[in-house]
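A.B. asks: Have a look; sequence and predicted model below, questions after that.
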Amino acid sequence: MADRTEAIVNNLLESYKKYDITGRIDAENMLSKSVLIDIVEEIRKILFPGFFDKNRVRSEYMRFLIGERMEFIQYNLQKQIAKAFGNQDLCSECRKSIINEKAEDITYKFLDKLEMIRDYLYTDIKAAYNGDPAAYSTDEIIFSYPGVFAVTVYRIAHELWLLDVPMIPRIMTEYAHSSTGIDIHPGASIGKYFFIDHGTGIVIGETTRIGDNVKIYQGVTLGALSTRKGQELKGVKRHPTIGDNVTIYSGTTILGGDTVIGNGATIGGNAFIISSVSEGMKVSVKNPELQFTRGSMADAVQETF
């Protein structure tokens with residue numbers, strides 16, 4: 001038994017040498033996914049004070065509570081950003097102190113954006129409440145709506161993306177993706193009053209541009225026409241542009257970097273769109289023909305409605 005175990009271990013050691021990109025052995029700069037999730041959750045507590053705390057949040061202690069959370073976020077996020085830059089070999093000739101200074105500067109630039117993120121999230125909450133008759137309070141939306149959770153994490157990650165932080169924004173949005181089934185790339189640009197209803201199965205690609213007052217339902221894909229060229233397409237506008245005041249119903253797929261959905265358009269469910277739609281247009285798929293069958297399959301009588 002010992003010999004068999006030793007053989008398995010030796011084979012794995014050889015595998016680690018053979019497929020070096022699947023391991024990070026002896027690596028100094030390793031990101032921590034669990035720490036990044038903790039950072040996201042602490043940021044959410046700042047963005048929505050009193051909602052995700054175990055104890056009552058008292059107004060007279062708010063300054064101290066925010067300060068304590070800011071210290072946690074600043075310290076840990078700065079460390080993770082420094083590791084991200086070291087991990088990507090983006091500063092291979094720099095001294096460690098220079099990387100740390102860069103990480104500190106980026107961290108404070110991000111923290112300066114928290115007020116703006118709250119401004120955007122306020123509009124998202126309003127859009128969700130005004131747009132969903134099943135919502136009985138904004139508290140219910142903040143506590144329980146998966147779309148709001150996914151958009152909150154996206155708005156955090158997007159600001160880090162704009163600051164050219166590697167890896168971390170994607171790890172954050174994939175955390176939300178795994179929790180909700182809503183996949184929003186941190187590079188996408190999304191305006192105010194954005195509402196995702198239900199949410200499951202939504203995909204929003206990296207170069208998507210979405211205007212203000214947009215509402216989308218479950219199963220919507222805003223994707224690329226083709227990614228066969230792989231890395232050659234990096235930085236190319238591959239995903240659609242969605243104008244202001246657009247509604248996209250469930251199961252719809254909209255593809256292509258040149259595809260523009262004009263302001264005020266409504267896209268019906270299950271549409272497949274690879275070309276632009278003019279302002280104010282309503283796009284719908286012709287109802288499929290339903291067939292109802294009586295009796296056995298052998299002597300079926302079909303009635304078409």
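C.D. replies: Looks like it came in fine. Please read these numbers as outputs of a predicted model, since none were measured by experiment.

A.B. asks: do you know how far Leu255 is from Arg238?
C.D. replies: 9 Å (Cβ to Cβ, to the nearest Å). C-beta here means a position set from N, CA and C on the backbone, and glycine is covered the same way.

A.B. asks: Find the residues that touch each one of these two.
C.D. replies: Jointly contacting Leu255 and Arg238 under the rule Cβ atoms under 8 Å, 6 or more residues apart in numbering are 224-225.

A.B. asks: in the stretch 1-150 of the chain, which spans are strands?
C.D. replies: Using DSSP state E, counting those that start in this stretch, the stretch 1-150 of the chain contains no strands.

A.B. asks: Please, where are all the helices along it?
C.D. replies: Counting by DSSP state H, counting those that start in this stretch, the stretch 1-150 of the chain has these helices, from start to end: 2-18, 33-47, 62-87, 96-111, 114-131, 138-144, 146-162.

A.B. asks: Show me which positions of the last one end up buried.
C.D. replies: Along helix 146-162, these residues count as buried under the neighbour rule (16 or more other Cβ atoms under 10 Å): 146-161.

A.B. asks: And for the fifth one?
C.D. replies: Neighbour-count burial for helix 114-131, counted by 16+ other Cβ under 10 Å, picks out 114, 117, 120-121, 123-125, 127-129.

A.B. asks: Could you point out which residue ranges in the stretch 51-200 of the chain have low pLDDT?
C.D. replies: Applying pLDDT under 70 to the stretch 51-200 of the chain picks out residues 87-94.

A.B. asks: If you tally nearby residues, what's the number for the residue nearest to Gly268 when sequence neighbours are not counted?
C.D. replies: Distances taken as Cβ to Cβ, 6 or more residues apart in numbering place Ser284 nearest to Gly268, at 3.6 Å, with adjacent residues excluded. Look at Ser284: counted by other Cβ atoms under 10 Å, it has 12 neighbours.

A.B. asks: and Ser284, how far is that from Asn213?
C.D. replies: Distance from Ser284 to Asn213, by Cβ to Cβ: 21 Å.

A.B. asks: what's the answer for Gly280, then?
C.D. replies: Distance from Gly280 to Asn213, by Cβ to Cβ: 14 Å.

A.B. asks: Can you pull up the most central residue in the chain?
C.D. replies: Geometric centre of the chain, nearest residue: Ile184, 3.0 Å, by Cα atoms, centre = their mean.

A.B. asks: How about the contacts made by that residue?
C.D. replies: 150-151, 154, 173, 176-177, 190, 202, 204.

A.B. asks: again, only using 7 Å
C.D. replies: Taking Cβ atoms under 7 Å, 6 or more residues apart in numbering as the criterion, Ile184 is in contact with 150, 154, 173, 204.

A.B. asks: what's the answer for Val35, then?
C.D. replies: Applying Cβ under 7 Å, 6+ apart, the residues near Val35 are 76, 80.

A.B. asks: for Leu111, same thing?
C.D. replies: 70, 74.

A.B. asks: quick one, what contacts Ile182?
C.D. replies: 146-147, 150, 176, 196, 199, 202.

A.B. asks: Make CSV out of those and add distance to Ile39.
C.D. replies: Listed next are the contacts of Ile182 as CSV, based on distance: Cβ to Cβ, whole Å:
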residue, distance to Ile39
Pro146, 20
Gly147, 22
Ala150, 17
Ala176, 13
Ile196, 23
Gly199, 23
Ile202, 24
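
A.B. asks: quick check, nearest of the residues you listed to Gln74?
C.D. replies: Set against Gln74, the nearest of these by Cβ to Cβ is Ala176 (22.2 Å).

A.B. asks: and the closest one, what is it in contact with?
C.D. replies: Ala176 is in contact with 149-150, 153-154, 182, counting by Cβ under 7 Å, 6+ apart.

A.B. asks: helix/strand/coil for it?
C.D. replies: helix (DSSP: H, G, I helix; E, B strand; the rest coil).

A.B. asks: Against Phe64, how distant is it?
C.D. replies: The spacing between Ala176 and Phe64, counted by Cβ to Cβ, is 29 Å.

A.B. asks: again, but for Leu31
C.D. replies: Leu31 is 30 Å from Phe64, by Cβ to Cβ.
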